[in-house]
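Asks: everything below, folded, please.
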Amino acid sequence: MSDVNEWVVREYFEEQGYLVSQPCKYTVGGRREKRAEEEIDLIIHNPCVRTHTIPEHFVWRTEDLEHISSAIVGIRGWHGHRVYASTFKDTPEAVAFAQPRSARVGAKRLGSPDFARILCVPKLPAGGEFKDQVINLLRVSGVDGVLAFPTMLADIVQGVDDRKNYEKSDLLQIIRLLKSYDLIKDSQLELFTKPKPRRKGKRS
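Replies: Have a look, this model is predicted:
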């Protein structure tokens, strides 16, 4: 996993009030099978969330985290293309974090069996059969919900005030500079945060 991908996801969850930890900070070369704690990229917990409820729908937005008290997180930064069911069939290790053995590690670290399994990915198919296929496969694999990088990045960018100095976060400071020089604007993110209005007209 690229450090940049974890950087973005960690910043996103921290902005939502989560305490974020990395269960395994080392890698071991020359071993075919990873240990369970190595499969989990991040463990998150929000002490302000009193009632833990997992949404019924699968593709989550930021507001869906309001009732997620804890979660184990898998991060797959396959940027530049959408992910399909075949993507996960070819790389089953991508959802290993949601399997029972890794979930047991998460429960032990969190001190509770009540947590979500969140997968962070670039984009799912826009809709139709391909989207249904990947959602069904991920559900069967134990994933409770998906957060897309465009959703997370849009939320991070909108929360940055270009009048503030984010000297304690390199990521937020970079976004602040891009905003200061009009290289990125909040209005550009509306494509990710709001549905396009339908055109009014007569039906044919």
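Asks: ok, the nearest residue to Met152 once chain neighbours are set aside - contacts?
Replies: Excluding its sequence neighbours, the residue lying closest to Met152 (Cβ to Cβ, 6 or more residues apart in numbering) is Tyr12, at 4.2 Å. C-beta here means a position set from N, CA and C on the backbone, and glycine is covered the same way. Residues in contact with Tyr12 (Cβ atoms under 8 Å, 6 or more residues apart in numbering) are 147, 152, 155-156.
Asks: Tyr12: which element?
Replies: helix 3-15 (DSSP states H and E).
Asks: next: Ile72.
Replies: strand 70-75.
Asks: again with Val20
Replies: strand 19-21.
Asks: need the residues that contact that strand.
Replies: 10, 13-14, 42-47, 109.
Asks: recalculate using a threshold of 7 Å.
Replies: 10, 13-14, 42-45 (Cβ atoms under 7 Å, 6 or more residues apart in numbering).
Asks: in that strand, what's buried?
Replies: Within strand 19-21, the residues that count as buried by 16 or more other Cβ atoms under 10 Å are Val20.
Asks: so which of the contacts of strand 19-21 is the most crowded?
Replies: Ranked by the number of neighbours (other Cβ atoms under 10 Å), the contacts of strand 19-21 place Ile44 first, at 26 neighbours.
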